[in-house]
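Q: sharing a model that was predicted from the sequence below.
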Amino acid sequence: MSTQPTTQFAQVNGIRIAYEVTGSGLPMLMLHGHPRTHRSWEKVTPLLSSRFTLVKPDRRGYGDSDRGSPPEAYENANMAADAVGLMDDLGFDKFMVVGHDKGAPTARRIAQDHHDRVPGAVILDGMPEGVDVPRQRDTSGRTWYFDFFRQRGVAEQIMERDPGLFWGLFLDRNPHLTAEERAFYVAHFSKPGSVDAVLADYRAGMEVDSVYWSEQVASGRKIETPLCLLWGGRGPTANAPVLEAWGQIAKDVRGQAIEDSAHYIQEEQPAALADHILRFADELGV
C-alpha cells in the first residue's frame, strides 16, 4: 500500500529547507514557482516516481522552508546554493533538475554551473533573462504585479493587509485548482514573513539577477547541459520564440508547447509533462 511522503527538513546554506523525497532511480530535483510550494508537483509525482528519485523542496521563503532571510539572500546564486546544498546533504552527486516559473532561473543556474553533475534540465514555461529576442508587450494586464512588487514600503503594506484577498488574485486565475488547493496556498502565503520573502525573491530577480544574466549572455558563455523546454500552448509564453531564445545561451535545446495547458503544466497536463520528461531521459540515456 502506498503512503504519502513525509515532509523532511535539512539545514543547508544557512537555512532550514523543507522537502519531500519520493520514488527510486536517478535523482531529479524539482523546483516550484510562485505562488506555489512543492505541492505543485503532486499530480506528476506518481507518473515519474518509478523512474526517478524525486526531490521536491520548498524554495527559500516558501511553503514550510524558513523565512526571515535578508533580501540579498534571495538572489539567484543563493537559491541555487540552497538547492545544490540539499542534493549534497542527501548524498546525490548526479541529478536532473526541473524548474517552473521562479524555479526556472534556479534550474538554469544549476545547469550552467554544474554541467558535470546534471545530465539534463527541464525548463517549464519560462523565457531566459538577458537574451535578445523580440518580446510582445503584454496588453492583458496580467503582469501588473512586476512593477507593483518593486514599490518598496507600499507593496508590503497592501499585501499584508488582506493576504487572502491578495493571493486570491493569483490563485483565481487558475480554475484547475480545487477549493482545498486554493485554501492550502492562501494559508501558506499568509504565514508571517511570506510577503517579505516573495517581494525579496522578485526584486532580486528583476534588479540583481537580470544584470548577472545579461553579463553571462554578453560573455558568450553557453550552457552545456542539454535542455528540454516545455511551455503551455495557451500560457504566457505561447507565442514567444522559446527555442530561439534558449538556443542563444545553450548548446543543446529541444522541446515544444504542451497543448491545452496554461502556465502550470505540471498541474494541468501532468501526463503529457511526464511523457516528455521520460522521453527526454531516454534520449539522454539516463
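A: That came through, no problem. All values reported here derive from a predicted model rather than from experimental measurement.
Q: nearest residue to Val55 other than its sequence neighbours?
A: Leu29 (5.0 Å; Cβ to Cβ, 6 or more residues apart in numbering). Yep, even glycine has a C-beta here, placed from its N, CA and C like the rest.
Q: ok, the one you found touching Ala80?
A: No - between Leu29 and Ala80 there is no contact under Cβ atoms under 8 Å: 10.6 Å.
Q: per-residue pLDDT, the spatially most central residue of the chain?
A: Per Cα atoms, centre = their mean, the C-alpha nearest to the average position across the chain is that of Gly103, at 1.9 Å. On pLDDT, Gly103 comes in at 98.
Q: quick one: classify the residue nearest to Val55 as helix, strand or coil.
A: strand (DSSP: H, G, I helix; E, B strand; the rest coil).
Q: next up, the contacts around it.
A: 55, 57, 83, 86-87, 95-98, 107, 110 (Cβ atoms under 8 Å, 6 or more residues apart in numbering).
Q: in strands, which of those appear?
A: 55, 57, 96-98 (DSSP state E).
Q: mind putting those into TSV with distance to Tyr19?
A: Below are the ones in strands among the contacts of Leu29 laid out as TSV (distance: Cβ to Cβ, whole Å):
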residue	distance to Tyr19
Val55	6
Pro57	4
Met96	16
Val97	14
Val98	14
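Q: show me which pair in those residues is furthest apart.
A: Pro57 and Met96 (14.6 Å; Cβ to Cβ).
Q: Val286: neighbouring residues, count only.
A: 16 (other Cβ atoms under 10 Å).
Q: ok, Thr237 to Leu124 distance?
A: 10 Å (Cβ to Cβ, to the nearest Å).
Q: who has more neighbours, the two?
A: Taking neighbours as other Cβ under 10 Å, Thr237 and Leu124 compare with Leu124 leading, 32 against 19.
Q: for the more buried one, list the residues it contacts.
A: 98-101, 104, 230-231, 265-266, 273.
Q: pull the number of nearby residues for the residue lying closest to Leu48 once chain neighbours are set aside.
A: The shortest distance from Leu48 to any non-neighbouring residue, by Cβ to Cβ, 6+ apart, is to Ala274 (5.5 Å). When counting by other Cβ under 10 Å, one arrives at 19 neighbours for Ala274.
Q: quick check: Ala274 touching Thr45?
A: No - Ala274 is beyond contact range of Thr45, at 9.3 Å (criterion: Cβ under 8 Å).
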